[in-house]
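Enquirer: Following is a predicted model, sequence given first.
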Amino acid sequence: MNTLAKVPVTVVTGFLGSGKTTLIQHLITNANGKKLAVLVNEFGSEGVDGEILKSCADANCPEENIVELANGCICCTVADDFIPAMEQLLARRVRPDHILIETSGLALPKPLLKAFDWPEIRSRITVDGVIALADAEAVAAGRFAPDPDAVEAQRAADANLDHETPLSEVFEDQIACADIVLLTKADLAGAEGLEAAKAVISAEMPRPVPMLPVVDGAVDLRVILGLEAAAEDDLAARPSHHDGEDEHEHNDFNSVVIDLPEVVDVEALIASVQRLAREQNVLRAKGYIAVKGKPMRLLLQSVGERVRHQFDQPWGLRPRQSRLVVIGEHGDIDEAAIKAGLGMSGLGI
């Protein structure tokens, strides 16, 4: 590889639970000899996605090439975290052919693109493209597509509601920054749902970009890598709700880490997570669960009331500990209520 050539970077963005980690897992295991490195950023202090990705590390993407940043949004901690992490990957004895960045589900991609103009890395890397993932089933169901009549009713009732919600702004910024949009969970959305999701997303796009349906992250690496978009030089074509601001805040969101003993009743745990989504407006929960009598750890991930779980690998030398990261809008996350909701659920604890 020509060491003077810039290393291409693909930014993978998308809302909470849209399937970013699943997509990157697929790219790692289907790299076709391409040497990959991954920078994964999580909202909150406890990382789960990095651990998932390290479990599928191989010769083309060894575990040392998977770097996790869990100290907050990377576009808010550029000097302290993002730049050193990129320099660390570029300093590998075998330089990666391509770097994948999985942003937090709450991240705004445009401030991150601006960071690629920093002198320390500008001459060595380029943003090959921004891939935005959208949960087709959720979008088709009307999430982030408010009923105009309902919006007008809210405005009439309270002038303070004459603005977009923080979640919709995140979604719209991610779509506006994309070079390709992947419509994930296409099997759950169905043909009509996919068309409805496409219509909603098209309305938010400042320019036409390809939209592809995807199931379980299965997309040909050649389709989304090698776009040569040089997105860091194309910022004007990627409008943001936060254009003109020097920085953005994540005070609209909060996360808490909940430690649990071994769980006896997995279905009771799932029911508890679903109830918390309804009663505490929990947006996302994810973590590893120790199930009594089971040598494998249970990976649990939820988006709203939709919960997915699977035994992924033995605990091995890792501490056998149940731990959930719970994310919601600021003001809705009540740590005591969440702990009580899990503790009273009849989990066998």
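Expert: On my side now, so go ahead.
Enquirer: Is the spatially most central residue of the chain within a helix or a strand, and which one?
Expert: Nearest to the geometric centre of the chain sits G105, at 3.5 Å (CA atoms, centre = their mean). Under DSSP states H and E, no helix or strand contains G105.
Enquirer: now I131
Expert: For I131, the host element (DSSP H and E) is strand 125-135.
Enquirer: Just the CA atoms of the helix or strand that that strand is followed by, as CSV, please.
Expert: The helix or strand immediately downstream of strand 125-135 is helix 136-140, counting by DSSP H and E. This file holds the C-alpha atoms of helix 136-140, laid out as CSV (Å, rounded to 0.1, in the frame of the first residue of the first chain):
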residue,chain,number,x,y,z
ALA,A,136,-37.4,1.0,8.1
GLU,A,137,-40.1,-0.6,10.3
ALA,A,138,-39.9,2.3,12.9
VAL,A,139,-39.8,5.0,10.2
ALA,A,140,-42.8,3.4,8.4
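Enquirer: pLDDT wise, what is the residue nearest to the centre of the chain at?
Expert: As predicted, G105 sits at a pLDDT of 74.
Enquirer: Surely it and F15 touch.
Expert: Yes - using CB atoms under 8 Å, G105 makes contact with F15 at a distance of 5.4 Å. Glycine gets a C-beta too; all of them are placed from N, C-alpha and C.
Enquirer: Would you mind measuring from W315 to S322?
Expert: 11 Å (CB to CB, to the nearest Å).
Enquirer: Overlap in contacts, these two.
Expert: Common neighbours of W315 and S322, using CB atoms under 8 Å, 6 or more residues apart in numbering, are A290.
Enquirer: circling back to that earlier point, from the contact counts, what lies against the strand holding I131?
Expert: Under the contact criterion of 3 or more CB pairs under 8 Å, 6 or more residues apart in numbering; DSSP states H and E, strand 125-135 touches strand 7-14, helix 20-29, helix 109-115, helix 166-176, strand 180-184.
Enquirer: Please work out the average pLDDT along that strand.
Expert: 93.
Enquirer: Redo the helices and strands packed on strand 125-135 as TSV? Include mean pLDDT, mean neighbour count and distance to G217.
Expert: TSV is the format used below for the helices and strands packed on strand 125-135 (pLDDT from 0 to 100; neighbours: other CB atoms under 10 Å; distance: least, CB to CB, whole Å):
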stretch	mean pLDDT	mean neighbour count	distance to G217
strand 7-14	93	24	10
helix 20-29	89	22	4
helix 109-115	84	21	19
helix 166-176	82	22	17
strand 180-184	94	25	8
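Enquirer: OK, contacts around E137?
Expert: K185, L188, A189, G193, A197.
Enquirer: From the contact counts, what lies against the strand or helix carrying R275?
Expert: Taking DSSP H and E as the criterion, R275 maps to helix 266-279. Judged by 3+ CB pairs under 8 Å, 6+ apart, the packing partners of helix 266-279 are strand 282-290, strand 296-303, strand 306-314, helix 335-343.
Enquirer: So for the residue nearest to the centre of the chain, what's the nearest residue that isn't a sequence neighbour?
Expert: Closest residue to G105 apart from its sequence neighbours, by CB to CB, 6 or more residues apart in numbering: L16 at 3.6 Å.
Enquirer: Helix, strand, or coil at that neighbour?
Expert: At L16 the chain is in coil, as set by DSSP: H, G, I helix; E, B strand; the rest coil.
Enquirer: mind checking pLDDT for it?
Expert: For L16, the predicted pLDDT is 71.
Enquirer: ok, how many other residues are close to it?
Expert: Neighbour count of L16, defined by other CB atoms under 10 Å: 24.
Enquirer: Over to A141?
Expert: For A141, the neighbour count with other CB under 10 Å is 14.
Enquirer: any idea how far L212 is from A134?
Expert: 11 Å.
Enquirer: So between these two, which is more surrounded?
Expert: Shown here are A134 and L212; by other CB under 10 Å, A134 has more neighbours (29 against 15).
Enquirer: I'd say that one and I180 touch.
Expert: No - applying CB under 8 Å, one finds A134 not in contact with I180, separated by 11.1 Å.
Enquirer: got the angle for the helix holding R275 vs strand 296-303?
Expert: Interaxial angle, helix 266-279 versus strand 296-303 (axes from the mean of the first three to the mean of the last three CA atoms, to 10 degrees): 20 degrees.
Enquirer: what's next to helix 266-279, contact-wise?
Expert: So helix 266-279 is contacted by 263, 282-283, 285, 289, 291, 298, 300, 302, 304-305, 307, 309, 324, 326, 337-338, 341-342, 345-348 (CB under 8 Å, 6+ apart).
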